[in-house]
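Peer 1: Below are the sequence and a predicted model for it; my questions follow.
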Amino acid sequence: MTKATILLVDDEPAVISSLKRALRLKPYDIIAVQDGAAALRILASQTIDLIISDNRMPGMDGPTLLAEAQRGWPDTMRVLLTGQPDLGATIEAINNGRIYRYISKPWDERELCQAIDDALAYRQMKRDQQRLQQLTHERNTELQQTNATLEARVQERTAELARTAEQLTVAHARLHRSFVTATEVFSSVINQRLPANRQPNREVLALVTAFCRFKKAPPELTDDLSMAAALYNIGKLSWNDTLIAMPVEAMDREQRDHYERYPGLGESLLMALEPAGNAAVIIRHHQERWDGAGFPDGLSGPAIPLGSRILRLAVDYVEMQMGLVVRRPASSEDVQSGMQKLAGRIYDPALCERFIAMVQIMATQAEPHSYIVQEFSVLALEPGMVTGKDLHANSGTLLLKSGTVLTERLIEKLRDLQEIEASSYAVFVRRPDPEELS
């Protein structure tokens, strides 16, 4: 496989040196320039797999450079590097440059390398998908040419086309799951702005995922809600440190007005990213109320998107316990009692009842260590099993996260993927601990 080529763009030689040092053990060809014009000349003269650009540079800034790169070389992955939060630059880079990642200085070297590896793996998957689409087109054309006279060949090519279409389905699913996982990583940018005991994203995401399983929600809604839960407060990135950690109850009128704009701002940041379009709508409406007194649009009842109603339940449940809504953190029992009283005013009453039931069930479940993890072949998997470790493809792409409940459909997809790649996957599954059962 040809080595990937990375283009570094920063007007500070010290930053270039630091980036090269971080990548010294990686199998990449590195090219470094100090301004946007030089970077565009490099892009025009040779194939670049990934461009990492500083945000603020003399002449052409980072968002402008990445927007030009997106228009001229859309297959090149784009990463924005910045030394301080800059909401305007972030919006411009997302909307015009369609960046893959946003990395803050100073960076963690391991996370930087992982982000670069993920970006290059994502680019390779896109190439594979394009190759499979081209193969489908070629096979279809050939099938049309021989259809009139070769009935046997038609049957053979039809079967081959079906296999190719299945490969496309698997490849698309892998791409989408990678995007979902990337949003969870990006949510850590927001967490870095919050005190350690007031970082709600991870708990909100866990609750939303659990509720989707509890409600048997379709995979599409589960994925959209996972992205929305990971990034629901991205619109708060522009806030100062005082406001971002302040309980809503303690805000004055001006601060409250600022607070009520964050769902709409979060939507605007994500709408340019096609896979996150549904998640952006969920984020916009997750502060609406069942009685129509919420914001930003005053929607009421079933007019509020289902995903937004679910996200509101999880956000309030977590944030009230963390003291992000009222000054004094509330206990889980007090929050449940308060939510039940507000069902029909703030919350969808039917969803609220099911959500509280799920939370109570979760509180009575066995401790996490009451199981062991055993290795199974794909052929030995059964519906209802729960994964005990993340499962990655041979390319490194995340296929299943730990804690995923296996269904017949997922098991069938794994078997098909194993056959397509001519490989053998080992799946780690949670099993009851014999000592706990004795």
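Peer 2: Cool, the structure landed.

Peer 1: Just grab the bridge partners of residue 77 for me.
Peer 2: Taking DSSP bridges as the rule, residue 77 bridges to residue 50.

Peer 1: if I look at it, how far off is residue 209?
Peer 2: Per CB to CB, to the nearest Å, residue 77 is found 28 Å from residue 209. Placement of C-beta: from N, CA and C, glycine included.

Peer 1: Show me which of these two is the more surrounded one.
Peer 2: Counting neighbours by other CB atoms under 10 Å for residue 77 and for residue 209 shows that residue 77 has the greater number, 23 against 19.

Peer 1: what's the burial count for the spatially closest residue to residue 262 that is not a sequence neighbour?
Peer 2: Nearest residue to residue 262 in three dimensions, chain neighbours excluded: residue 235, at 3.6 Å (CB to CB, 6 or more residues apart in numbering). Neighbours of residue 235 under the rule other CB under 10 Å: 23.

Peer 1: my read: residue 362 touches residue 210, true?
Peer 2: Yes. With contact defined as CB atoms under 8 Å, residue 362 reaches residue 210; the gap is 6.6 Å.

Peer 1: Show me which of these two is the more surrounded one.
Peer 2: A direct count of neighbours by other CB under 10 Å for residue 362 and residue 210 places residue 210 higher, at 17 against 13.

Peer 1: Looking at stretch 374-391 now, give me its mean pLDDT.
Peer 2: Stretch 374-391 shows a mean pLDDT of 88.

Peer 1: Give me the buried positions along it.
Peer 2: For stretch 374-391, a neighbour-count test (16 or more other CB atoms under 10 Å) marks 376, 378, 381, 385, 387, 388, 389, 391 as buried.

Peer 1: what about that stretch, how long is it end to end?
Peer 2: For stretch 374-391, the separation between the terminal residues is 13 Å (CA to CA, to the nearest Å).

Peer 1: before we move on, what about stretch 215-224?
Peer 2: Distance between the two ends of stretch 215-224: 15 Å, counting by CA to CA.

Peer 1: Next: stretch 377-384.
Peer 2: 15 Å.

Peer 1: Tell me where this protein has strands.
Peer 2: Applying DSSP state E to the chain gives strands spanning 4-9, 28-33, 50-54, 77-82, 101-104, 371-377, 391-392, 398-400, 426-432.

Peer 1: and those, which is most packed in?
Peer 2: Across these, the average number of neighbours (mean count of other CB atoms under 10 Å) peaks for strand 50-54, which reaches a mean of 25.

Peer 1: any idea of the mean pLDDT in it?
Peer 2: 92.

Peer 1: The closest residue in space to residue 329 that isn't next to it in sequence: what's it in contact with?
Peer 2: Nearest residue to residue 329 in three dimensions, chain neighbours excluded: residue 323, at 3.9 Å (CB to CB, 6+ apart). Counting by CB atoms under 8 Å, 6 or more residues apart in numbering, residue 323 touches 198, 247, 329.

Peer 1: and what of residue 83?
Peer 2: By CB under 8 Å, 6+ apart, residue 83 lies in contact with 55, 56, 104, 105.

Peer 1: how about the helices of the stretch 101-250 of the chain, start to end?
Peer 2: Taking DSSP state H, counting those that start in this stretch as the test, the helices found in the stretch 101-250 of the chain are 109-146, 151-186, 188-191, 201-215, 219-231, 241-244.

Peer 1: Between those, pick out the one with the smallest average pLDDT, please.
Peer 2: helix 151-186 (a mean of 54).

Peer 1: Show the contacting residues for residue 68.
Peer 2: If you count contacts by CB under 8 Å, 6+ apart, residue 68 has them with 36, 40, 60.

Peer 1: ok so, going back, list the contacts of the residue nearest to residue 262.
Peer 2: The contact partners of residue 235, taken as CB under 8 Å, 6+ apart, are 261, 262, 263, 264, 265, 266, 267, 269, 283.

Peer 1: Can you give me the distance of the residue nearest to residue 314 when sequence neighbours are not counted to residue 417?
Peer 2: Spatially, and ignoring its direct neighbours in sequence, residue 314 is nearest to residue 207 (4.1 Å; CB to CB, 6+ apart). For residue 207, the distance to residue 417 equals 30 Å [CB to CB].

Peer 1: What of residue 236?
Peer 2: Applying CB to CB to residue 236 and residue 417 gives a distance of 39 Å.

Peer 1: one step back: so which of the strands of the chain comes closest to residue 302?
Peer 2: When these are compared by CB to CB, strand 398-400 sits nearest residue 302, at 33.2 Å.

Peer 1: Surely residue 428 touches residue 392?
Peer 2: No. Using CB under 8 Å, residue 428 is not in contact with residue 392, being 11.5 Å away.

Peer 1: buried stuff in stretch 315-323?
Peer 2: The neighbour-count check on stretch 315-323 (16+ other CB under 10 Å) flags 315, 316, 317, 318, 319, 320, 321, 322, 323 as buried.

Peer 1: contacting residues for residue 38?
Peer 2: By CB under 8 Å, 6+ apart, the residues touching residue 38 are residue 9.

Peer 1: that older thread, any idea which of the contacts of residue 83 has the most stuff around it?
Peer 2: residue 55 (23 neighbours).

Peer 1: How much space separates it from residue 238?
Peer 2: Going from residue 55 to residue 238 by CB to CB gives 15 Å.
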